[in-house]
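Chemist: Pasting the sequence and the predicted model now:
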Amino acid sequence: MIKGVIIADDLTGALDSSVMLSSVGCATVVLVEWTSDLPYNGDDETQVVVVNSDSRHLQPMEAYSRIYTICDHIKRAGVELIYKKTDSALRGNVGVELSALLDHMKAPIIFAPAFPDMRRYLIEGTVFIDGISVDQSIFGTDPFNPVKHSHIQDILRESADRLPIYVHNVDDDIAAFDIGIHAMNASTNTELRQIAIKAKQADITLYAGCAGFANHLPYIWGLKAGVAQIPRLPRNLLIFSGSMSLVTINQLNRGRSLSIDTYTITECLASPDVIPYAEILRSLDTHHAVIVEAVSSKSPSVSQETACINEETRSKVAENLGETAAKLIGGARDCLPLVIGGDTLIALMQKVSCQRLYPITSVSTGTILALADTCHGRIPILTKSGGLGPPDMIETLLAFIQANRIDANKGGIPGAL
């Protein structure tokens, strides 16, 4: 029985939030495309459906219309509990999408954007990341969705200038909140938990925030928990990165120092016709890890390289990198793909005919292990949001694979539990 729906503006964000539920055994399914299977028709065990609205790069009014339409489907399906997942750095159409949710549902929205585990806080209405205001962080110069303001009201009103948004402290009376968006100051997980408790007591039905606050949804929504089962994993890690985030670029650069072969395909806009497939697959069999990237992690001036990839070519890069990934996955043996960046992930899912993903657990902050129903069967896949994760992300993944990989002596198939 479906108890709640999460709406995320890109596919990696959908997985970031959903894994907060699946990792404690709450049955969760992610719909790759927002037009598919909504309202969800699936097994009786599924408690939460996560919808990828794919709206981060849309024009504001297009994003508003899409979220409003999704809310209409949810309401007609008889589901009252909704969580609007926002980017942890508040990139994208955050204000106008919350406006669509508010206009359709006409109820107070508890918005807790903090993610303390990633040092992302809301203090007196100002968004801080790693100790500095978000507009002064690396997200202030994001190639496609730069965050230009530091105060939560200014960030949201950039795309929705009349949005009724109020800033509150943890000890404010949530039960007295009127219709509007209520941004909650928080800098610790304890404060997020206190917000969750008070919101549940006040019978709030609409919530918003990043993966940090989504961690409290099993409690707020009264979900049935269990034990997440880790599948047996293939030995070889095949990394595809379409992200231009400096966080990811630094992670890949560190991976390069581990002697991982790296193939950069920016110069041909990731054209699948000129990719050295056989060479990549030989390297994967030999070294057990390969990086295929759209932006060079060894470039002396990453900003110059990303500047040449404008909004017009962004989707083309993602589409061609997704096709490249699909061909390599189809030709690889014993391969576990890691896909970085929501645009690349959705392009790959389309190429392998995947409509649903089943999140399992978080391997590292921002890196999710899931099962995907594809034209190659059900396979394990790793995904990562471009702006998340520690510098040693690749080392962590390699250790995780080693601990959970298929034992050649005992046999087993990828994805088997």
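Modeler: Arrived safely.
Chemist: residue ranges of the helices in this structure, please?
Modeler: 11-22, 60-76, 94-105, 152-157, 189-201, 211-214, 217-220, 246-256, 277-287, 302-307, 311-331, 342-351, 393-404 (DSSP state H).
Chemist: I'd like to know which elements the third one is packed against.
Modeler: Yep, that's helix 94-105 we're talking about. helix 60-76, strand 81-85, strand 109-112, helix 152-157, strand 206-209 (3 or more CB pairs under 8 Å, 6 or more residues apart in numbering; DSSP states H and E). For glycine as for every other residue, the C-beta is placed from the backbone atoms N, C-alpha and C.
Chemist: out of those, nearest to residue 387?
Modeler: strand 81-85 (14.1 Å; CB to CB).
Chemist: Next, count neighbours for the closest residue to residue 251 other than its chain neighbours.
Modeler: Setting aside the residues directly before and after it, residue 251 is nearest to residue 393 in space (CB to CB, 6 or more residues apart in numbering), at 4.7 Å. By other CB atoms under 10 Å, the residues close to residue 393 number 25.
Chemist: How about the contacts made by residue 393?
Modeler: 251, 364, 366-367, 384 (CB atoms under 8 Å, 6 or more residues apart in numbering).
Chemist: ok, now residue 400?
Modeler: By CB under 8 Å, 6+ apart, residue 400 lies in contact with 233, 363-364.
Chemist: before we move on, back to that, distance check, the residue nearest to residue 251 against residue 142.
Modeler: Residue 393 sits 19 Å away from residue 142, going by CB to CB, to the nearest Å.
Chemist: picking up where we left off before, compare the helices and strands packed on helix 94-105 and give me the one nearest residue 380.
Modeler: Per CB to CB, nearest to residue 380 of the helices and strands packed on helix 94-105: strand 81-85, 22.9 Å.
Chemist: just to revisit the earlier point, can I get the contacts of residue 393 in CSV including pLDDT?
Modeler: Below are those laid out as CSV (pLDDT from 0 to 100):
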residue, pLDDT
251, 93
364, 90
366, 86
367, 94
384, 93
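Chemist: Kindly reformat those residues as TSV containing neighbour count.
Modeler: As requested, those are arranged in TSV below (neighbours: other CB atoms under 10 Å):
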residue	neighbour count
251	30
364	20
366	28
367	27
384	30
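Chemist: Out of those, the closest to residue 102 would be?
Modeler: Of all those, residue 102 sits closest to residue 366, with 28.0 Å by CB to CB.
Chemist: Leaving out chain neighbours, which residue sits closest to the closest one?
Modeler: In space, residue 366 is closest to residue 388, 2.6 Å off (CB to CB, 6+ apart).
Chemist: coming back round to it: would you mind finding the most buried of the helices of the chain?
Modeler: helix 11-22 (a mean of 28; mean count of other CB atoms under 10 Å).
Chemist: Could I get the CA-only coordinates of it as CSV?
Modeler: Taking Å, rounded to 0.1, in the frame of the first residue of the first chain, the C-alpha atoms of helix 11-22 are listed here in CSV:
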residue,chain,number,x,y,z
LEU,A,11,17.1,11.0,-11.0
THR,A,12,20.1,10.9,-8.8
GLY,A,13,18.2,13.2,-6.3
ALA,A,14,15.3,10.7,-6.4
LEU,A,15,17.7,7.9,-5.4
ASP,A,16,19.4,10.1,-2.7
SER,A,17,16.2,10.5,-0.9
SER,A,18,14.7,7.1,-1.5
VAL,A,19,17.7,5.3,-0.1
MET,A,20,17.0,6.9,3.3
LEU,A,21,13.9,4.7,3.3
SER,A,22,15.1,1.5,1.6
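Chemist: what's the average pLDDT for it?
Modeler: Averaging pLDDT along helix 11-22 gives 92.
Chemist: please begin residue numbering at 27 from this point
Modeler: Sounds good: first residue 27 from here, last item helix 37-48.
Chemist: re the thing from before, compare the helices and strands packed on helix 120-131 and give me the one nearest residue 247.
Modeler: Among the helices and strands packed on helix 120-131, the nearest to residue 247 by CB to CB is strand 107-111 (5.5 Å).
Chemist: Show me what that closest one pairs with in its sheet, parallel or antiparallel.
Modeler: Paired with strand 107-111 in the same sheet, following DSSP bridges, are strand 30-34 (parallel), strand 232-235 (parallel).
Chemist: Take these and write them to JSON lines, including mean neighbour count and distance to residue 269.
Modeler: As requested, these are arranged in JSON lines below (neighbours: other CB atoms under 10 Å; distance: least, CB to CB, whole Å):
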{"stretch": "strand 30-34", "mean neighbour count": "26", "distance to residue 269": "16"}
{"stretch": "strand 232-235", "mean neighbour count": "26", "distance to residue 269": "22"}
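Chemist: Save those as JSON lines, and put in distance to residue 377 and mean pLDDT too.
Modeler: Below are the strands paired with strand 107-111 laid out as JSON lines (distance: least, CB to CB, whole Å; pLDDT from 0 to 100):
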{"stretch": "strand 30-34", "distance to residue 377": "21", "mean pLDDT": "96"}
{"stretch": "strand 232-235", "distance to residue 377": "32", "mean pLDDT": "98"}
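Chemist: which regions of the stretch 277-426 of the chain sit below the pLDDT cut-off?
Modeler: Within the stretch 277-426 of the chain, the segments meeting pLDDT under 70 span 292-299, 322-339.
Chemist: per-domain residue ranges of the protein.
Modeler: As given by automatic domain parsing, the domain ranges for the chain are 30-246, 262-430.
Chemist: quick one: low-confidence ranges for the stretch 27-176 of the chain?
Modeler: Scanning the stretch 27-176 of the chain with the threshold set as pLDDT under 70 gives 62-69.
Chemist: Please repeat the previous calculation with a cut-off of 90.
Modeler: 27, 38, 59-71, 83, 102-103, 167-171 (pLDDT under 90).
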